[in-house]
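> this one's structure only:
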């Protein structure tokens, strides 16, 4: 009986070691395809939440990453994907969601003319989802 318990323990340890090795091997192989970005969500009521060093994979879109960090409701049309709600704040009237990218050269926010479902992220980018009045369309402060 003691030998069976010892064999079971030994097999369990070997299996754990094997799977740990597999995990570390996979992690080292995909490390070069992992991207990090900062995403802010500005609710226009002086509330801004940051999700810094958010991990994403090479080739992912901003929309995919945003949907992992926030509760997003969207509509897909022939013109693309439109964000209806982020974390319970819904577009209404002339207010809606737009995203901006930080330009580190000019130290300003720049508007991106590509839909979030088409924008492929690159490493170390900074984005801001900004709830804004279309009649007073300006970059986040």
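Perfect, I can see it now. Small disclaimer: the values here were computed from a predicted structure and weren't measured. Numbering: from 1, shown residues only.
> ok, and for stretch 130-141, which residues are buried?
The neighbour-count check on stretch 130-141 (16 or more other CB atoms under 10 Å) flags 130, 131, 132, 140 as buried. To be clear about C-beta, it is placed using only N, CA and C from the backbone, and glycine gets the same treatment.
> the last one contacts residue 128, correct?
In this case it means residue 140. Yes - contact criterion CB atoms under 8 Å: residue 140 and residue 128 qualify, at 5.0 Å.
> hey, what's in contact with both of the two?
Both residue 140 and residue 128 are contacted by 40, 42, 100, 109, under the criterion CB atoms under 8 Å, 6 or more residues apart in numbering.
> the strands in this structure, which residues?
34-42, 48-57, 72-77, 80-86, 89-90, 95-103, 108-111, 126-133 (DSSP state E).
> how about those strands in a markdown table, adding distance to residue 9 and mean pLDDT?
Output for the strands of the chain, formatted as a markdown table (distance: least, CB to CB, whole Å; pLDDT from 0 to 100):
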| stretch | distance to residue 9 | mean pLDDT |
| --- | --- | --- |
| strand 34-42 | 35 | 94 |
| strand 48-57 | 36 | 95 |
| strand 72-77 | 47 | 94 |
| strand 80-86 | 50 | 93 |
| strand 89-90 | 54 | 96 |
| strand 95-103 | 53 | 95 |
| strand 108-111 | 58 | 94 |
| strand 126-133 | 50 | 94 |
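> ranking the ones you listed by burial, who's on top?
strand 126-133 (a mean of 20; mean count of other CB atoms under 10 Å).
> quick one: list the elements packing against it.
strand 34-42, strand 80-86, strand 95-103 (3 or more CB pairs under 8 Å, 6 or more residues apart in numbering; DSSP states H and E).
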